[in-house]
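Trainee: Got a predicted structure here, sequence first:
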Amino acid sequence: MKRTTIVLPDDVDAQLRYEARRRGMSITELAREAIAAYLIDPRDEGRDLSIFDLGEGVPDGGVNVDRYVAEAIEQRHRDDRR
């Protein structure tokens with residue numbers, strides 16, 4: 001495995017820490033799982049990353065992009081678990 005450093009906005013960091021604590025897992029485990037769940041499988045060229053498929057009509061998308069990304073990641077994670 002490779003070690004990678006990322007910079008997160010405070011609210012996303014807080015959500016990540018809360019969710020990791022809620023699930024009883026480390027922040028590293030949760031981040032690794034979330035990233036893996038949202039990377040495109042090279043064999044599945046038709047799968048879009050949900051963070052780029054927010055649709056139209058999101059008037060505050062530029063201001064609240066972190067919230068929308070976090071929500072999209074959570075939704076994709078829930079969908080992948082089904």
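Mentor: Right, received. Where do you want to start?

Trainee: Could you list the low-pLDDT ranges of the chain?
Mentor: 40-62, 82 (pLDDT under 70).

Trainee: Spell out, range by range, the helices that occur in it.
Mentor: Using DSSP state H, the helices of the chain run over 10-23, 27-38, 65-81.

Trainee: out of those helices, nearest to Lys2?
Mentor: Evaluated with Cβ to Cβ, these place helix 27-38 nearest to Lys2, the distance being 11.0 Å. C-beta here means a position set from N, CA and C on the backbone, and glycine is covered the same way.

Trainee: Contact partners for Ala20?
Mentor: Residues in contact with Ala20 (Cβ atoms under 8 Å, 6 or more residues apart in numbering) are Ser26, Ile27, Glu29, Leu30.

Trainee: could you redo the last one with a cut-off of 7 Å?
Mentor: Ala20 sits next to Ser26, Ile27, Leu30 when contact means Cβ atoms under 7 Å, 6 or more residues apart in numbering.

Trainee: could those residues go into CSV alongside distance to Val65?
Mentor: Output for those, formatted as CSV (distance: Cβ to Cβ, whole Å):
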residue, distance to Val65
Ser26, 26
Ile27, 21
Leu30, 20
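
Trainee: ok, those vs Asn64, which is closest?
Mentor: Nearest to Asn64 among these is Leu30, at 21.8 Å by Cβ to Cβ.
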